[in-house]
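1. sequence plus the predicted model coming up.
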Amino acid sequence: MTTAVPTSTASPMSLATSSLAREGRAPAARPTHVPGRADLLRGEWTKIRSVRSTTWSLLAMAVASLALTTIATSLFTARWPHLDAATRTQFRSDTVGLIFQPAASFGQVAVCVLGVLFISSEYSTGMIRSTMLAAPRRTPVLAAKAAVFAALIFAVAELVALPCFFIGSAITGKYASTSITNPTDLRAVVGFGVFMALTGLIALAVGTLVRHPAAGISLVLAWQFVVPAVLSLLPGPLGEHLSGAMPANTVVIMGSGHDADNVFSPAQGLGLLVAWTVVLMAGAWFSIRRRDV
Amino acid sequence: MTSINALPRIDPRSPDGRLLPLPVSGGFPVTGEPSNTIAAAGLTKRYGDTVAVDGLTFTVSPGRVTGFLGPNGAGKSTTMRLLLGLERSDAGSATINGVPYADLPAPLTQVGAMLEAKAFHPGRSGRNHLLCLAQSHALVPERVDEVIDLVGLRGAAHRRAGTYSLGMAQRLGIAAALLGDPGVVILDEPVNGLDPEGVLWIRRLMKRLAAEGRAVLVSSHLMNEMAVTADHLLVVGRGRLLSDCPTDEFIRRHTDPGIYAATPAIARPALLEEAFLRVTAASVEYAGQ
């Protein structure tokens, strides 16, 4: 009976019709082309769209942003009769900042959580070994993850930024004028997406460095909320500048640049945010290349 | 769909225990590199002062199941992780078909591995888990459905993998390992914690993979399981290679000749445990009093 074994590779029962003989090998098991970067992107896209935390986080980001835009602008216009002239001037000169900055500050929480989870959940579940077996070169894996995540967050954040802008404009319309065709206001709309996407990359980098979801989320939220607040307590311009240079305070990129309370201009804010992102992603890249999984 | 359990049992060994000649694999381009072969040469890995893998040199050949045995802490899992590029060796080399794992352009089409039952995100469905791996390799989605049917997970494919039983999780891991129809299969303790039906399924699968001309390397510390599955044994202790020979030869060499002669041929696999304990006696981490 065992003499029949050699023919088993040709039998219809062999592995998924995939004998290793050239003609018999399962056609579907052959790559359609030499796998490359686009294929890694496709795989990472499937990963992020196939877990529930993505939907919930993005929904939370949208709800928090829309709510904060509505609340912040409503509170300000409701108090309008009681505001002094200086405050009114400040508000008029940076209405777009009031529409977007509170929304971004709170909406980013969900993006930070998702950014940390996107990679640290791979470490905490063992998925990372499946990932690394399929793509043993680690730099392209991190690059694909970062590209997919940043693109997704930017796209969703822009979809949120538009209603935020129109709701905020409608609420503040009685006292100030904003317009999507105004270059400064349009810059703020784009800035909302840029801030969310780069903040997401910072969280992704921390998730790569820390690997534990709970620790990573705690660290990122402390970094975005506690550290800037503590730094602002330092006396004089030092505290102001250190706090203003933290990534969370780069929400200035969504302002008009005419708010005297901001120590950095929108352009400087963008530079700072990009610098933080580059430094932390470089750390993540160094870490993912060196450490075993 | 034929389930694997319904398949006839394939025994790649002849009655006297030697391998029957198998058709030479023609599925891979002939490049002068060895086909469907794992090779380690002087493979060494240290953690601080501890030498986990100490100059291992061996070859795993196609067409048979090679059992990888050793006491706990002998370096089996570390060796497998070195072979798969998950860790870097301090010295020596580990190659698959002559190439280090990290240099394989589409590794899943040459090596399939399952190192743990649950190397997946519990919130993702089994099918999506396989799909993201397939996409990274430019494999068509139809292949995902093929391997799902192959391991008998069709009914559960769209459920979150976190809801799977251990046996189903193992099947998902096997499905991932077989996605690229690899000529080399590496399994770390695949039967741990499985019910008898699951153990039998894995055993038949490994024999069939070997009969199809693949190289199968499987680690275990379940001696009875290895005795009935493995054609060839690599035995390690404290990171060193203690034995590299066919299973029958290993048993004959390391058991008492009198007992060996008195044991009917069919019962000899049961002597593997005795032989193993003798060979590894000096290598166990915690010897009983």
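-> Happy to help now that I have it.
2. A:L219 reaches A:V210, doesn't it?
-> Yes: taking contacts as Cβ atoms under 8 Å, A:L219 lies within contact range of A:V210: 6.0 Å. Where you see a C-beta, it was placed from the backbone N, CA and C, and this is true even at glycine.
3. who's more crowded, these two?
-> Using other Cβ atoms under 10 Å in any protein chain shown as the criterion, A:L219 and A:V210 rank with A:V210 on top: 21 against 18.
4. quick one: that one and A:A222 touch, right?
-> No: assessed by Cβ under 8 Å, A:V210 is found out of contact with A:A222, at 11.9 Å.
5. is it true that B:S243 lies in a strand?
-> Yes: under DSSP: H, G, I helix; E, B strand; the rest coil, B:S243 sits within a strand.
6. okay, and the beta partners of the closest residue to it other than its chain neighbours?
-> Using Cβ to Cβ, 6 or more residues apart in numbering or on different chains and skipping residues adjacent in sequence, the residue nearest B:S243 is B:V235, 4.1 Å away. Note on B:V235: beta-bridge partners by DSSP bridges are B:L69, B:S243.
7. my guess is B:V235 meets B:I251, correct?
-> No: using Cβ under 8 Å, B:V235 makes no contact with B:I251, being 11.6 Å away.
8. which regions of chain B sit below the pLDDT cut-off?
-> B:1-34, B:285-289 (pLDDT under 70).
9. distance check, the residue nearest the centre of it against B:L209.
-> Nearest to the geometric centre of chain B sits B:V218, at 2.3 Å (Cα atoms, centre = their mean). In this view, B:V218 and B:L209 are 10 Å apart by Cβ to Cβ, to the nearest Å.
10. so for stretch A:140-150, what's the average pLDDT?
-> The average pLDDT for stretch A:140-150 rounds to 98.
11. actually, stretch A:58-67.
-> 98.
12. and that stretch, what's buried?
-> Residues of stretch A:58-67 classed as buried: A:58, A:60-62, A:64-66 (neighbour count, 16 or more other Cβ atoms under 10 Å in any protein chain shown).
13. between those, which is closest to chain B?
-> Nearest to chain B, judged by Cβ to the nearest Cβ, of those is A:L58 at 15.1 Å.
14. with adjacent residues omitted, what lies nearest to that closest one?
-> Leaving aside its sequence neighbours, A:L58 sits nearest to A:V156 (Cβ to Cβ, 6+ apart; 5.2 Å).
15. tell me the contacts of B:M226?
-> B:67, B:69, B:218, B:220, B:233, B:247, B:272 (Cβ atoms under 8 Å, 6 or more residues apart in numbering or on different chains).
16. ok, now with 10 Å
-> B:M226 sits next to B:65, B:67-69, B:191, B:218-220, B:233, B:247, B:269, B:272-273, B:276 when contact means Cβ atoms under 10 Å, 6 or more residues apart in numbering or on different chains.
17. related to what we said a few turns ago, did I read that right, the residue nearest to the centre of chain B in a helix?
-> No: under three-state DSSP, B:V218 sits outside any helix and is assigned strand.
18. residues in contact with it?
-> B:V218 neighbours (Cβ under 10 Å, 6+ apart): B:65-69, B:80, B:114, B:185-191, B:202-203, B:206, B:209-210, B:225-226, B:229-230.
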